[in-house]
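Student: I would like to see how this sequence folds:
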Amino acid sequence: MSKVTSAQVAQRAGVSQSAVSRVFTPGASASKRTVEKVRKAADELGYRPNSLARAMVSGKSRMIGLVVAYLENHFYPEALEKLSNALQEQGYHILIFMASSTSADIEGVVDEILDYQVDGIITASVGMSSELTDRCRKAGVPIVMFNRSQDGPDLSSVASNNVAGGRKVAEFLIGGGHKRIGYIAGWEGASTQRDREAGFRAGLTEAGVSLHSRAVGDFRSDRAAEAARQMFSGDDRPDAVFVCNDHMAFAVMDVLRTDLGLSVPGDVSVVGYDDVPIAGWPAYDLTTVRQPANRMVAETVDLLLAEIDGTGRGPQKIEIDGPLVVRGSARKPEGWSE
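Tutor: Purely as a prediction, here's the structure:
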């Protein structure tokens, strides 16, 4: 089977090939009569316009490249769906590229994205080097980081206020009367991990409480489970733990209950971060800080499209506050009210 060409559509409709091009080009001018004839001929022949070819001519592909490191964390599939829907409402579509957290891998992926002539790039759960950012800027392709931020003024980012979120967790656990409070960190290279821990430690310090123990889960459920076994197997175990995201917190709760026979929250209070849908399931009933995904997505799309159409105000760093959602996995402070 050979593909139907615009020349064949033009011949069937009795118009010029340029008229067919105008009909299928958003914003181009064509009479109602011409549009009707061309679309009728296209339907009869099964013609579909070549968006990539049109992009080469117009310089606009209406495509956004989205780089993501992993999808195991339930926050990202939901957020990517919201990003895709929001961009489609504005006439854009996304190409998803997977990358590891290593700078070499990200560099190769971004080079590949640029080859697709995308109009913009959104990175989720990955970092960007200054050299790579500069390369995209020279190519005229704006970038917005989603759920990550980067030191320096050259790159736009949208994230929850992770420092404030970590501080809320500290205040809540201290208010609940906990004295031996542990922390299970995410991947050390992530701004989300850094900022959540910074806010958490600041909240503990202001209350005169020292961090009892710390382990690293790297945002992976298997490593978080092993971190929990190490942290809670001894006699001097924590009576509360803040886990850097929900994905790890579920694994921690499974280990505490199933492997170690501990009660949550009777023996140990557990708090996560993200408020993914599973957090509300009765099996976990996880107290967690909610990432305001809808607002984060809206700000990300607005920032990126403003850069694409030239109305942007330069790189911006946006942080959006999210509430602590109190459920049954952690002891509530006396007199607590929602």
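
Student: ok, then the element right after the least confident helix or strand in the chain by mean pLDDT?
Tutor: Every helix and strand in the chain was compared by mean pLDDT, DSSP states H and E; the lowest is helix 51-58, with a mean of 58. Next helix or strand after helix 51-58 toward the C-terminus (DSSP states H and E): strand 63-68.

Student: avg pLDDT for that next one?
Tutor: Mean pLDDT, taken over the full extent of strand 63-68, equals 85.

Student: which strands and helices sit next to that strand?
Tutor: helix 75-89, strand 93-98, helix 103-115, strand 120-124 (3 or more Cβ pairs under 8 Å, 6 or more residues apart in numbering; DSSP states H and E). For the C-beta atoms, the positions are set from N, CA and C on the backbone; glycine is no exception.

Student: Can you point out the buried residues in the second one?
Tutor: For strand 93-98, the buried set under the neighbour-count rule, 16 or more other Cβ atoms under 10 Å, comprises I94, F97.

Student: what sits up against that strand?
Tutor: For strand 93-98, the surrounding residues in contact (Cβ atoms under 8 Å, 6 or more residues apart in numbering) are 62-69, 80, 83-84, 87, 109, 112-113, 116, 118, 122.

Student: Filter those down to the buried ones, ChimeraX style.
Tutor: Restricted to buried positions by 16+ other Cβ under 10 Å, the ChimeraX selection for the contacts of strand 93-98 reads:
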select :62,63,64,65,66,67,68,69,80,83,84,87,109,113,118,122
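
Student: Low-confidence stretches in the chain?
Tutor: 1, 26-27, 50-60, 100-106, 126-133, 152-153, 338 (pLDDT under 70).

Student: Now do the strands in it.
Tutor: 63-68, 93-98, 120-124, 143-146, 156-160, 181-185, 213-216, 240-243, 269-274, 287-290, 317-320, 324-325 (DSSP state E).

Student: Reformat the ones you listed into TSV and put distance to G280 next to each item.
Tutor: As requested, the strands of the chain are exported to TSV (distance: least, Cβ to Cβ, whole Å):
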stretch	distance to G280
strand 63-68	24
strand 93-98	27
strand 120-124	23
strand 143-146	23
strand 156-160	18
strand 181-185	21
strand 213-216	26
strand 240-243	16
strand 269-274	12
strand 287-290	9
strand 317-320	21
strand 324-325	8
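
Student: most tightly surrounded among the ones you listed?
Tutor: Highest mean neighbour count of those: strand 240-243, a mean of 30 (counted as mean count of other Cβ atoms under 10 Å).

Student: V15: what's it in contact with?
Tutor: T34, K37, V38.
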